[in-house]
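**Student:** I'll drop the sequence and a predicted model, then ask my questions.
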Amino acid sequence: MAITDILSAKDIESALSSCQADGSFNYKSFFSTIGLPSKTPDQIKKVFAILDQDNNGFIEEEELHLFLKNFSSTARALTPAEVKDFLTAGDSDGDGKIGVEGKTFRHL
């Protein structure tokens with residue numbers, strides 16, 4: 001399944017263009033722009049599964065570093081500071097990983 005089966009390519013392009021510069025990524029704005037808050041829980045789980053590159057049920061630091069590349073191979077990598085902020089926001093139990101039920105994906 002491709003991410004564009006769930007999310008609009010136009011919305012993805014718009015979201016990526018808003019965070020091209022290092023330090024400009026904000027997960028809430030990004031998720032809002034791609035339309036994730038309007039998706040059903042099942043659709044959100046499908047998007048999460050695509051982002052979970054190693055299919056272990058969690059998104060870890062290295063996967064967050066390459067987060068934007070899931071949406072376009074030409075997108076930039078997140079900076080270490082952006083990864084830290086994203087992980088801190090989404091890690092609901094302090095284990096260093098984000099689960100689909102974590103704060104980031106549950107409260108868009």
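**Tutor:** Received it, and whenever you're ready, just let me know what you need.
**Student:** and the closest residue in space to Phe30 that isn't next to it in sequence, its phi and psi?
**Tutor:** Leaving aside its chain neighbours, Phe30 sits nearest to Ala15 (5.0 Å; criterion: CB to CB, 6 or more residues apart in numbering). From N, CA and C alone the C-beta is placed, and that goes for glycine too. Note on Ala15: backbone dihedrals following degrees, to the nearest 10 are phi -60, psi -40.
**Student:** Ala15 against Phe67, yeah?
**Tutor:** No - Ala15 lies out of contact with Phe67 (CB atoms under 8 Å); the separation is 11.4 Å.
**Student:** with neighbour numbers in mind, choose between these two.
**Tutor:** Ala15 (24 against 21; other CB atoms under 10 Å).
**Student:** how about the contacts made by the more buried one?
**Tutor:** Ser29, Phe30, Thr33, Ile34, Phe71 (CB atoms under 8 Å, 6 or more residues apart in numbering).
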